[in-house]
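*Asks:* Need coordinates for the following:
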Amino acid sequence: EPLGESYDLAMLAYLTVVLALFDLAYTVVSAPLHLPLPRGVWGISLAAETIRLLSQHFNEQR
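*Replies:* Numbering: from 1, shown residues only. A predicted model of the protein is given here:
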């Protein structure tokens, strides 16, 4: 089922980007308020890793 697999990957990428955006917003808000260490870096690195894996996967498909 190549269609289902690519759909799952697209959904994973979408959710990862949304999580990264939430983490980025949390980072921006927490910096002036001196909240505990923001998780933004984690979200961005997770998004970057997911994008790398997705591009690798699609390159193998060709």
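
*Asks:* the longest helix in this structure is where?
*Replies:* Counting by DSSP state H, the longest helix found in the chain is helix 2-33.

*Asks:* Name the next helix or strand downstream of that one, please.
*Replies:* helix 40-61 (DSSP states H and E).

*Asks:* returning to what we had before: who are the packing partners of the longest helix of the chain?
*Replies:* The contact analysis (3 or more C-beta pairs under 8 Å, 6 or more residues apart in numbering; DSSP states H and E) places helix 2-33 against helix 40-61. (Glycine included, C-beta is placed from N, CA and C.)

*Asks:* count of residues packed around residue 58?
*Replies:* When neighbours are defined as other C-beta atoms under 10 Å, residue 58 has 11 of them.

*Asks:* Likewise for residue 47?
*Replies:* For residue 47, using other C-beta under 10 Å, the count is 19.

*Asks:* ok, it to residue 32 distance?
*Replies:* Per C-beta to C-beta, to the nearest Å, residue 47 is found 24 Å from residue 32.
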